[in-house]
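Novice: all I have is the shape, not the residue letters:
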């Protein structure tokens, strides 16, 4: 049986590779334009909004700040998620820093020996989410022409993440050893070394992330040019799916940035956009897998929780937009580039203040250690 499954898997992979190669050869201009669009998304939206948080998520672990903050955050993380306190900073950054930020932080925690792979796999269920710079500025302000709509979408993402984190931790509420802080096994480095290592590691992760975005953008363009997108749209429309959702579902399932952009252009409901942000797209799923390739975690479980996150976020946004209705013009077509809204974003100021605070905390901690050694 396993041999048959292996043969089928190889045959399916070969079929996909052949189809992709045929698409690139048959539609070279479309493929090039799709790759160019993906590159534009990376330069205007993804890198400005996510890269600083990726550096920060790795830095708080490598510098030893997550271990020091564990004593303060331990009551919250153990009570809500049944995880040790040193995961608190990574969970927070994972929820507000963009999809890969949480994964990079989890990877750093495992490498430093502060958590087990089992705990890291559980954190992946909820500590991977869209950041405010992307949701509020790019999607809300840039795509929907309303920062208020972006705030509601972001709140729906946070609500879904908290619910999943609490539910995922319930089976471990009686396992005290699972919550035990393992910080004494970890290692902390000085500020400059931690910053250099974090920046270098995040740059490598950012390059991998952009490569996936460009690849999926090109593939989506080929699928649409070949008629596969229209066929799927027609099938979904006949099944009762609203036209706006049917036209954008392919992009939403595969790549979140392009999916949100197409959904906004098509005038789709904010509930669908909220689902797209929670689901994150297959492209992001591959990015997370690439970030954690050296650690074992269930891809099927991760996919299931991304789907659950999308559905819960959609439900939360439906409630929020019902209590805080938006004007009709909010969900109209794009009137300005999405990247423009990232300029002068208050999130950048918050990031600068956060980095300064972390710097001061590190310096003070180093001074305390120096005094102890001197004594």
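Specialist: The structure has been received and is ready for your questions. Because the structure is a prediction, the values reported are computed rather than measured.
Novice: C-terminal to the longest helix anywhere in the chain, what's the next element?
Specialist: The longest helix of the chain (DSSP state H) is helix 191-225. The helix or strand immediately downstream of helix 191-225 is helix 228-238, counting by DSSP states H and E.
Novice: okay, buried residues for that next one please.
Specialist: By 16 or more other Cβ atoms under 10 Å, the buried positions in helix 228-238 come out as 229, 232, 233, 236. For the C-beta atoms, the positions are set from N, CA and C on the backbone; glycine is no exception.
Novice: please apply the same query to stretch 109-126.
Specialist: Buried, per 16+ other Cβ under 10 Å, within stretch 109-126: 109-112, 114-115, 119-126.
Novice: which elements pack onto the strand or helix carrying residue 246?
Specialist: For residue 246, the host element (DSSP H and E) is helix 243-254. Packing partners of helix 243-254 (3 or more Cβ pairs under 8 Å, 6 or more residues apart in numbering; DSSP states H and E): helix 191-225, helix 228-238, helix 256-265, helix 270-279, helix 281-291.
Novice: so what's residue 240 up against?
Specialist: Residue 240 makes no contacts at all, as judged by Cβ atoms under 8 Å, 6 or more residues apart in numbering.
Novice: roughly how far does it sit from residue 121?
Specialist: 37 Å (Cβ to Cβ, to the nearest Å).
Novice: ditto for residue 42
Specialist: Per Cβ to Cβ, residue 42 is found 28 Å from residue 121.
Novice: cool, and residue 145?
Specialist: Relative to residue 121, and taking Cβ to Cβ, residue 145 is found at 39 Å.
Novice: ditto for residue 273
Specialist: Distance from residue 273 to residue 121, by Cβ to Cβ: 28 Å.
Novice: so for residue 154, which of the helices and strands packed on helix 243-254 sits nearest?
Specialist: Closest to residue 154 of these, according to Cβ to Cβ: helix 270-279, at 8.5 Å.
Novice: okay, now the unreliable bits of the chain?
Specialist: 1-2, 175-189, 327-375 (pLDDT under 70).
Novice: helix or strand: which one has the closest residue to residue 213 other than its chain neighbours?
Specialist: Counting by Cβ to Cβ, 6 or more residues apart in numbering, residue 213 lies nearest to residue 38, which is 4.8 Å off, once chain neighbours are set aside. Using DSSP H and E, residue 38 sits within helix 28-41.
Novice: ok now that helix, how far from the chain's centre?
Specialist: 22 Å (Cα atoms, centre = their mean, to the nearest Å).
Novice: give me the number of residues near residue 324?
Specialist: By other Cβ atoms under 10 Å, 12 other residues sit near residue 324.
Novice: got it, and residue 29?
Specialist: Neighbours of residue 29 (other Cβ under 10 Å): 9.
Novice: distance of it relative to residue 277?
Specialist: Counting by Cβ to Cβ, the gap from residue 29 to residue 277 is 31 Å.
Novice: go on, residue 270?
Specialist: 10 Å.
Novice: do I have it right that residue 257 meets residue 41?
Specialist: Yes - the criterion here is Cβ atoms under 8 Å, and residue 257 meets it with residue 41 at 4.8 Å.
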